[in-house]
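Peer 1: Need the 3D shape of this:
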Amino acid sequence: MNRITRNLATICRIERLIARRRFSIVQNQAILITLAGVNIALAGLLALRAGRMNVEDEIAPAVELRDLAIADLEAEVEDVAKKAHDIINSLKGLHNDPFESLTALILPLVTAVLKGLNQRASI
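Peer 2: All right, here's what the predicted structure looks like:
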C-alpha cells in the first residue's frame with residue numbers, strides 16, 4: 001500500500017508540474033502573439049505615415065529657387081548674346097562707315113567694362 005500511495009503522490013505532483021508547464025507555455029505564447037500584434041499595428045501605422053509623405057512638398061522651395069536661378073541665368077545669357085550680336089554688326093559695318101561703327105562698337109564695350117568693374121567693387 002505504501003508503494004501505491006507514493007506512486008499516486010508522484011503522479012499528482014507530476015500532473016501539477018505538467019499543468020503548470022502547459023499554462024506557462026500558453027501564457028508565453030499569448031504574450032508573444034500580443035507583442036507580434038502590437039508590432040504589426042505599429043508597422044501598419046508607420047506604413048500609413050510613410051504613404052502620406054510627399055517628396056514634392058518638401059522639395060518645392062528648392063525647385064522654385066532653382067527655376068528662378070535658371071531664369072536669371074537665361075536672361076543674362078540673352079543679354080550677353082544681344083551685346084555680342086551688336087558688336088558683330090558693328091564690326092560688319094566698319095568698312096561702310098568707320099566712325100559710326102566705331103562708336104557703336106565702343107559703347108557696348110565700355111558698358112560691359114563698367115558693369116564688370118561695378119560687380120568687382122560690390123564683391
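
Peer 1: what stretches of this protein score poorly on pLDDT?
Peer 2: The chain contains residues with pLDDT under 70 at 94-95, 97-102, 104-105, 123.

Peer 1: Walk me through the domains of it.
Peer 2: 1-53, 66-123 (automatic domain parsing).

Peer 1: which one of those has the most crowded surroundings?
Peer 2: domain 66-123 (a mean of 11; mean count of other Cβ atoms under 10 Å). (C-beta placed from N, C-alpha, C; glycine too.)

Peer 1: tell me which element residue 31 is part of?
Peer 2: helix 2-52 (DSSP states H and E).

Peer 1: re the thing from before, need the domains of the chain in a markdown table (columns: distance to residue 59).
Peer 2: Below are the domains of the chain laid out as a markdown table (distance: least, Cβ to Cβ, whole Å):
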| stretch | distance to residue 59 |
| --- | --- |
| domain 1-53 | 12 |
| domain 66-123 | 9 |
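
Peer 1: one step back: show me what the helix or strand following the helix holding residue 31 is packed up against.
Peer 2: Per DSSP H and E, the first helix or strand lying C-terminal to helix 2-52 is helix 55-92. Applying 3 or more Cβ pairs under 8 Å, 6 or more residues apart in numbering; DSSP states H and E, we find helix 55-92 packed against helix 98-122.

Peer 1: The helix it packs on versus helix 55-92: what angle between them?
Peer 2: 150 degrees (axes from the mean of the first three to the mean of the last three Cα atoms, to 10 degrees).

Peer 1: Distance from helix 98-122 to the middle of the chain?
Peer 2: In terms of Cα atoms, centre = their mean, to the nearest Å, the centre of helix 98-122 is found 45 Å from the chain centre.

Peer 1: contacting residues around that helix?
Peer 2: 83, 86, 87, 89, 90, 91, 93, 94 (Cβ atoms under 8 Å, 6 or more residues apart in numbering).

Peer 1: change it to 6 Å
Peer 2: 83, 86, 87, 90, 93, 94 (Cβ atoms under 6 Å, 6 or more residues apart in numbering).

Peer 1: what's the answer for stretch 67-83, then?
Peer 2: With Cβ under 6 Å, 6+ apart, stretch 67-83 has contacts from residue 108.
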